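S.K.: coordinates only, sequence not included:
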């Protein structure tokens, strides 16, 4: 492990344009449950019944009571962990340029990253479906379900429901930064959900070094990624940052 950490430190120190692709694994350490996999939200809820846009439009009360109310509480209480803070520090050091995330928690921005591309939107903000008024999730009043804007419209999260498109600009920018970076950190993602899983392949084909940080191997391991640090995100990034700051 020490050898791999040192290799990551050397690669980051030489990088001129590093980016990161993050998934649920980086936010688990902030007590945000993943959607997929063991212990994930979709073990408890059928996403087609509770997280599809048609289900929300048909019965917003049901979706708010079963899923969105609890999600709001989780997001309200979540704080960036060492993984998020380390990536923000890498940006401050001029190494990391962009974070592409599959997460909807807004923790990268809270930690201090300024260029965050959100594949699936975010749950940190809601907007009125009638007048488009935006409101921070923490300010959404749940005394009535579904919560409503002053105009009477229903609030919904800015995250992308099943059945909705990934914002085209986000997809375009993700492809662009992936094809022009010289190093990509792939952190806490299973690398099976498209189109996010395509970004490391684009980076690799464009000549970038791809470094995985994940407790388990993924479809990228041994084929796309140059090497994997088999560790939780916060622990690995803490070790990398401790050594990196002695070099720069």
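M.R.: Everything's here; your move. Every value quoted in this text rests on a predicted model; they were computed, and no experiment measured them. Numbers count the residues shown, from 1 in each chain.

S.K.: buried ones in the longest helix anywhere in the chain?
M.R.: Ranked by residue count and defined by DSSP state H, the top helix of the chain is helix 233-247. In terms of neighbour count (16 or more other C-beta atoms under 10 Å), helix 233-247 has its buried residues at 233, 234, 236, 237, 238, 239, 240, 241, 243, 244. (Glycine included, C-beta is placed from N, CA and C.)

S.K.: could those residues go into a markdown table alongside distance to residue 198?
M.R.: Below are these laid out as a markdown table (distance: C-beta to C-beta, whole Å):
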| residue | distance to residue 198 |
| --- | --- |
| 233 | 21 |
| 234 | 26 |
| 236 | 24 |
| 237 | 24 |
| 238 | 29 |
| 239 | 29 |
| 240 | 25 |
| 241 | 28 |
| 243 | 31 |
| 244 | 28 |
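
S.K.: export these as TSV, with columns for distance to residue 8 and pLDDT.
M.R.: TSV is the format used below for those (distance: C-beta to C-beta, whole Å; pLDDT from 0 to 100):
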residue	distance to residue 8	pLDDT
233	13	93
234	15	94
236	8	95
237	10	95
238	12	95
239	9	95
240	5	95
241	10	93
243	9	89
244	9	88
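
S.K.: so which helix or strand of this protein has the lowest pLDDT on average?
M.R.: helix 47-50 (a mean of 73; mean pLDDT, DSSP states H and E).

S.K.: that one: which residues count as buried?
M.R.: In helix 47-50, counting by 16+ other C-beta under 10 Å, buried: residue 50.

S.K.: which strands and helices sit next to the helix or strand following that helix?
M.R.: Helices and strands here follow DSSP states H and E; after helix 47-50, the next one along the chain is helix 53-58. Helix 53-58 sits against helix 60-63, with contacts defined as 3 or more C-beta pairs under 8 Å, 6 or more residues apart in numbering; DSSP states H and E.

S.K.: elements contacting the helix it packs on?
M.R.: Helix 60-63 sits against helix 53-58, with contacts defined as 3+ C-beta pairs under 8 Å, 6+ apart.

S.K.: at 10 Å what do you get?
M.R.: helix 47-50, helix 53-58, strand 155-157 (3 or more C-beta pairs under 10 Å, 6 or more residues apart in numbering; DSSP states H and E).

S.K.: which of the buried residues of helix 233-247 sit farthest apart?
M.R.: Largest separation among these by C-beta to C-beta: 233 and 243, giving 16.4 Å.

S.K.: can you list the domain ranges for this structure.
M.R.: Per automatic domain parsing, the domain ranges recorded for the chain read 1-32+80-123+166-248, 36-77+125-158.

S.K.: buried deepest among those domains, which one?
M.R.: Neighbour counts (mean count of other C-beta atoms under 10 Å) averaged over each of the domains of the chain peak at domain 1-32+80-123+166-248, with a mean of 20.
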